[in-house]
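Chemist: just a sequence and a predicted model for now, questions to come.
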Amino acid sequence: MSVRVRFAPSPTGFLHVGGARTALFNWLYARHTGGKFILRVEDTDAARNTQEAVDVILNGLRWLGLNWDEGPLTSDATGPAKGDRGPYFQSQRRANYQRRVEALLSRGLAYEREGAIKFKMSREPVVIDDLIVGQVRRELTDREAEDPDFVIVRSDGQPVFHLVNVVDDLEMGITHVIRGEDHLSNTAKHVALFQAFGVHPPHYAHIPLILNPDGTKMSKRDQGASLSTYVEEGYVAEAVVNYLVLLGWSPKENREVLSVPELVERFDLPQVLRHNARFDMAKLQWMNGEYMRTLPADRFYELCVHALAKAGLQTNAFPLAYVKAALDTCKGKLKTFAELPGYAGFYFADALDFDPAAVVQSFTAENRPRLQRLRDAFAKVEPFNYAFLEAGLKNTAGELGVKPGVLVHPTRLACTGKTAGPSLYHLLEVLGREKVLARLDAALK
RNA sequence: GACCCUAUGGUCUAGCGGUUAGGACACCACCCUUUCACGGUGGGAGCCCGGGUUCGAGUCCCGGUAGGGUCGCCA
């Protein structure tokens, strides 16, 4: 039987990084097995779930590259969808739930109580065969020992999560439920429900959770919890995917950087770890740097321009060739695009933000005449390119009897305001004679 | 409180009865170098604790401890 897996998020207005990884594991499993990846929106709470909140999920999955074979095409619950097992919004599936509840009622497997409908839960422990965790024998908690039955339809007529989740998985032909371990305890209820409907439950695979660096639960406000952070800060989607898959899964070949096709080929459920992982921003940033270094030029430019614009630096005021040349000097030097405005902002703004400590150190009484000599040499360099600039600087240093570094650092500071940045000679070439001389003059004032 | 899951350096992990316990991030030092980044070399740092089983245990079993999860007319 062909694999059918699903990601069934609730539109809360943000996509949790743990949810993103759950979606990723589902997607990888579908692609690995040649099965189908289905997206279903659990928008049962009409008051809270807006179309914008659905867009956050759709856009997040699209950004990650997790295309779905069945599911909504837009955030409109009544809008178009692909696949023949819809609707794919729970808000549109009321009739299905009602029919299933009536079936349970008529067979005496559920009963009405104070206006709500409760499911007659088994009093026996339920055994779950989990593809990741192994066989789990779930005993009743003390609370459940008192009353194991649980509500499946609220007194206001709204069906409850456990019911709709199972009905949808059943009717959509889901073969493998891959979800967070926080659902492991709930699984007993779900298994009982499947059995009550007279079918075998799907295979379960509960994946460990992602925790904060301090080991606490990662909630909405915690750093890195929202996928939108990575989109906004210009992370490379493939890097985020690569990092997330390594949280709880390993290719077991001492490799860290793997392309999506390599992941699809290698990913499988039994290799998924059973223990929670902590989120490590430093490693994600390293991974992102790895991907930034090898990004195709056009995509690199695009993400650069986006990051600069976000910081208020408009690149479209400059010639395209200048922008590209400027960005080329930054390639391979950064871990995230968020660093770019601070790193390359001097190309696109004349008001430099000088590092005060460096000013004291570089623009000394001793260095000023040296810098003046260099300025005069740069005024005559022809052509004004990195090779001649380097020769010119080294020549001047030689004439002054100092090491090149004595001139390099003040020059960098005068032209960029910073002590670190792109290759000096290359950045001077890109800036051009006019700006370079003007900035040296300004520094000498 | 009950129930469930988990436990290798600070972090992510490899290991699946006999290894000098391997790799990656981070950190430190040095090299490269105009800065930064990259790259290279080296370094510090680990099997939660206690019992078993076994000739031998990070690896298997039991018990603690610790962390996480679930016990809703939330999803």
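Modeler: Cool, got the structure. Numbering: from 1, shown residues only, chains lettered A, B, ... in the order given.
Chemist: where exactly do the helices run in the stretch 251-400 of chain A?
Modeler: In the stretch 251-400 of chain A, the segments counted as helices under DSSP state H, counting those that start in this stretch are A:260-266, A:281-293, A:297-310, A:320-328, A:340-344, A:356-362, A:367-380, A:386-400.
Chemist: buried set for the fifth one?
Modeler: Applying a neighbour-count criterion of 16 or more other CB atoms under 10 Å, one finds A:Leu340, A:Pro341, A:Tyr343, A:Ala344 buried in helix A:340-344. In this view, the C-beta of every residue, glycine as well, is placed from N, C-alpha and C.
Chemist: correct me, but A:Asp129 touches A:Gln135?
Modeler: Yes. Using CB atoms under 8 Å, A:Asp129 is in contact with A:Gln135, at 5.5 Å.
Chemist: of those two, who's got more company?
Modeler: A:Asp129 (12 against 8; other CB atoms under 10 Å).
Chemist: helix/strand/coil for that one?
Modeler: strand (DSSP: H, G, I helix; E, B strand; the rest coil).
Chemist: could you pull out the helices for the stretch 1-150 of chain A?
Modeler: A:17-33, A:51-64, A:94-106, A:142-146.
Chemist: could you export those helices as TSV, including mean neighbour count and mean pLDDT?
Modeler: As requested, the helices of the stretch 1-150 of chain A are arranged in TSV below (neighbours: other CB atoms under 10 Å; pLDDT from 0 to 100):
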stretch	mean neighbour count	mean pLDDT
helix A:17-33	23	97
helix A:51-64	18	95
helix A:94-106	15	96
helix A:142-146	10	91
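Chemist: thinking again about what came up before, and the buried residues of helix A:340-344, which is closest to RNA strand B?
Modeler: RNA strand B lies nearest to A:Tyr343 out of the buried residues of helix A:340-344, by CB to the nearest atom of the strand, at 8.0 Å.
Chemist: and stretch A:97-105, how far from the chain's centre?
Modeler: 39 Å (CA atoms, centre = their mean, to the nearest Å).
Chemist: list of residues touching that stretch?
Modeler: A:110-112, A:117, A:119, A:152-153, A:159, A:163-164, A:167, A:196-197 (CB atoms under 8 Å, 6 or more residues apart in numbering).
Chemist: C-alpha coordinates for that stretch, PDB please?
Modeler: Output of stretch A:97-105 as PDB, limited to C-alpha atoms (Å, rounded to 0.1, in the frame of the first residue of the first chain):
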ATOM      1  CA  TYR A  97     -17.800  14.200  11.800                       C
ATOM      2  CA  GLN A  98     -21.600  14.200  12.400                       C
ATOM      3  CA  ARG A  99     -22.000  11.000  10.400                       C
ATOM      4  CA  ARG A 100     -19.200   9.300  12.400                       C
ATOM      5  CA  VAL A 101     -20.600  10.400  15.700                       C
ATOM      6  CA  GLU A 102     -24.000   9.100  14.900                       C
ATOM      7  CA  ALA A 103     -22.500   5.800  13.900                       C
ATOM      8  CA  LEU A 104     -20.800   5.600  17.300                       C
ATOM      9  CA  LEU A 105     -24.000   6.600  19.100                       C
END
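Chemist: in the stretch 251-400 of chain A, which residue sits nearest RNA strand B?
Modeler: Closest point on the stretch 251-400 of chain A to RNA strand B, by CB to the nearest atom of the strand, is A:His275, at 2.7 Å.
Chemist: contacting residues for that residue?
Modeler: By CB under 8 Å, 6+ apart, the residues touching A:His275 are A:Pro208.
Chemist: just the one 4 residues further on next, same as before
Modeler: Going by CB under 8 Å, 6+ apart, A:Phe279 touches A:Val17, A:Ile210, A:Leu211, A:Asn212, A:Pro213, A:Met218, A:Gly224, A:Leu247.
Chemist: mind pulling up the pLDDT for it?
Modeler: According to the prediction, A:Phe279 has pLDDT 96.
Chemist: phi, psi of A:Lys333?
Modeler: For A:Lys333, the backbone dihedrals (degrees, to the nearest 10) come out as phi -110, psi -10.
Chemist: run a quick neighbour tally on the nearest residue to it once chain neighbours are set aside.
Modeler: Nearest residue to A:Lys333 in three dimensions, chain neighbours excluded: A:Pro422, at 6.6 Å (CB to CB, 6 or more residues apart in numbering). The number of residues packed near A:Pro422 is 22, by other CB under 10 Å.
Chemist: hmm, stretch A:187-197 touching RNA strand B?
Modeler: No. On the criterion CB under 7 Å from any atom of the strand, stretch A:187-197 is out of touch with RNA strand B, staying 8.3 Å away.
Chemist: which residues sit against that stretch?
Modeler: Contacts for stretch A:187-197 (CB under 8 Å, 6+ apart): A:100, A:103-104, A:107, A:109, A:119, A:121-122, A:125-126, A:128, A:130, A:136, A:138, A:150, A:152, A:162-163, A:165-167, A:170, A:177, A:200-202, A:204, A:206.
Chemist: I'm done for today, thanks for sticking with me.
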